[in-house]
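**Student:** dropping the sequence and predicted coords here.
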Amino acid sequence: MKVRFAISAVLALGLALGTSGCNLIQPQATTTSYDASDGVSFNVGELQLRNLTLISNDGQSASLLMSAINTTGSDISLSVQFLSKGEMVNGTLLIPSSNAATSWGAASENKIILDGTNTPAGSLLKMYFQYGSADGATSLVPVLTSAQPQYAGLEPSSTIHLGTK
């Protein structure tokens, strides 16, 4: 009787380990962050920048699409830089303090236009972001066209311009 119980216990333990063994040594995919869309995401200090994408039909100017989450408790003046015709272009965006994402680019009144990007669609534009005393971050932001249905109407027009025309 004791032998039968011991064998049953060993078999049950072996079955449990055999069916869950992969979870013991395999990393879980749901714990890995990734960009689910076309854009790139990164943090600058406590500021979270999400889904940065540039939309350009001519390769000369581009609309910056992005979301920012500022949980610092105060508004942030974010410095944005990129290279245009061999010269560094500096611009500033005000990121309001909020626990929710603030988005730019989708609504016509919130477009940010980068003039003189000289980066055709399908390329990456190197951009630098920094605020206050926080360490800055450099990222390669993808340049796409408005020919894709999800980006129709988001190409550059007129509103906030960073750079020279």
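**Tutor:** Perfect, thanks for sending it.
**Student:** when you work out contacts or count neighbours from here on, use the C-alpha atoms and nothing else.
**Tutor:** OK.
**Student:** got phi/psi on the most centrally placed residue in the chain?
**Tutor:** Residue closest to the average C-alpha location in the chain (CA atoms, centre = their mean): S41, at 2.0 Å. Phi and psi for S41, reported as degrees, to the nearest 10, are phi -130, psi 150.
**Student:** please identify the buried residues of stretch 57-73?
**Tutor:** Neighbour counts over stretch 57-73 (16 or more other CA atoms under 10 Å) mark 57, 59-71 as buried.
**Student:** got those residues as a markdown table, with secondary structure columns?
**Tutor:** A markdown table is the format used below for the buried residues of stretch 57-73 (DSSP: H, G, I helix; E, B strand; the rest coil):
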| residue | secondary structure |
| --- | --- |
| N57 | coil |
| G59 | coil |
| Q60 | coil |
| S61 | strand |
| A62 | strand |
| S63 | strand |
| L64 | strand |
| L65 | strand |
| M66 | strand |
| S67 | strand |
| A68 | strand |
| I69 | strand |
| N70 | strand |
| T71 | coil |
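**Student:** compute the first-to-last residue distance for stretch 125-141.
**Tutor:** Stretch 125-141 has an end-to-end distance of 5 Å (CA to CA, to the nearest Å).
**Student:** now for this protein, the helix or strand with the poorest mean pLDDT.
**Tutor:** strand 160-163 (a mean of 59; mean pLDDT, DSSP states H and E).
**Student:** so S146 sits in a strand?
**Tutor:** No: counting by three-state DSSP, S146 is not part of a strand but coil.
**Student:** that one against I55, yeah?
**Tutor:** Yes: in terms of CA atoms under 8 Å, S146 counts as a neighbour of I55; the distance is 6.3 Å.
**Student:** between these two, which is the more surrounded one?
**Tutor:** I55 (28 against 17; other CA atoms under 10 Å).
**Student:** what separation do you get for the more buried one and Y151?
**Tutor:** Where Y151 is concerned, I55 sits at a distance of 8 Å (CA to CA).
**Student:** next: L54.
**Tutor:** For L54 relative to Y151 (CA to CA), the value is 10 Å.
**Student:** neighbour count winner among those two?
**Tutor:** L54 (32 against 15).
**Student:** can you list the strands that the host helix or strand of Y128 pairs with?
**Tutor:** Using DSSP states H and E, Y128 falls within strand 124-130. Here strand 124-130 is paired, per DSSP bridges, with strand 76-84 (antiparallel), strand 137-144 (antiparallel).
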